[in-house]
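> Just need the structure, nothing else, for what follows:
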Amino acid sequence: MTKATDDWKLWAKTNAEELELWKAVNQQAREDIARYKQQQWQVTYFGFLIYGALITLSNGLPGAHRWTLGLLALLVGVVGSLVVWDLHGATERSRAKGNEAVCRFESDLRRLEKAVGKMHRSLSNKALTVVLVLGSLFGAVVTFLLSLCGG
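Below you'll find the model as predicted:
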C-alpha cells in the first residue's frame, strides 16, 4: 500500500462519524428537494382542477355570479403561484444545505464524490418553477374569461 492510501484510510477512520453526519445531511437535503418538487406539481394540478370546477359551475349562472367565480379563479392563480414560488425557495435552501454538507469536506472527499454526490444548482429547476407559475396564472386568466362568457 502507498502512503497516500494509508493516509486516506487513517483520515476516513478518524472522521467517520462526522463524515456520516454530513452524508446524512446531504441525503436529507435530497429527500427534501424531491418532496418540495412533488408538492409544486400537486399545487399546480389542484389549481387546474379548481379552474375546471369553476368553469363548470359558471355555466348557466347570471353575470354577477360569473364575476365572482372569475375573481375566485384569479385568486386561486395568485395564491397557487405564491405557494409554488415559496416551494422553489425551500428547494433552493435544501440544495444549499446539501452543497454545504459536501463542501464541508470537499478537499478530502474527492475520492468519495460518487458516494456523497454533490448537488449542483440547476437552471432547469428555476425554469420549471417559472413555467408552473406562468401556467397557473394563465389558467386563472383563462378560467376568469371562460366564467364570464358562461363556459
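
> quick one: the residue nearest in space to the middle of the chain and residue 94, what's the gap?
Geometric centre of the chain, nearest residue: residue 37, 3.4 Å, by Cα atoms, centre = their mean. According to Cβ to Cβ, to the nearest Å, residue 37 and residue 94 sit 10 Å apart. In this view, the C-beta of every residue, glycine as well, is placed from N, C-alpha and C.

> now do residue 60
With Cβ to Cβ as the criterion, residue 60 and residue 94 are 47 Å apart.

> out of those two, which sits in the more crowded spot?
residue 94 (20 against 10; other Cβ atoms under 10 Å).

> so what's the residue nearest to the centre of the chain closest to, chain neighbours aside?
Excluding the flanking residues, the one nearest residue 37 by Cβ to Cβ, 6 or more residues apart in numbering is residue 91, at 6.6 Å.

> How about the contacts made by the one you found?
32, 33, 36, 37, 40, 125 (Cβ atoms under 8 Å, 6 or more residues apart in numbering).

> right, and the first one touches residue 96 too?
So the one you mean is residue 32. No - counting by Cβ atoms under 8 Å, residue 32 does not reach residue 96; the two are 11.2 Å apart.

> Helices along the chain, start to end?
Applying DSSP state H to the chain gives helices spanning 3-14, 16-58, 63-104, 106-109, 113-116, 123-149.

> Worst mean pLDDT among those helices?
The minimum mean pLDDT among the helices of the chain belongs to helix 113-116 (a mean of 45).

> what about residue 54, distance to residue 82?
In terms of Cβ to Cβ, residue 54 sits 19 Å off from residue 82.

> Actually, residue 68.
21 Å.

> Show me which of residue 54 and residue 82 is the more surrounded one.
Taking neighbours as other Cβ under 10 Å, residue 54 and residue 82 compare with residue 54 leading, 22 against 13.

> neighbour-wise, which of residue 32 and residue 96 wins?
Ranked by neighbour count (other Cβ under 10 Å), residue 32 and residue 96 place residue 32 first, with 17 against 13.

> quick one on the thing from earlier: for the contacts of residue 91, which one is nearest residue 18?
residue 32 (21.1 Å; Cβ to Cβ).

> Give the full set of residues in contact with that closest one.
90, 91, 94.
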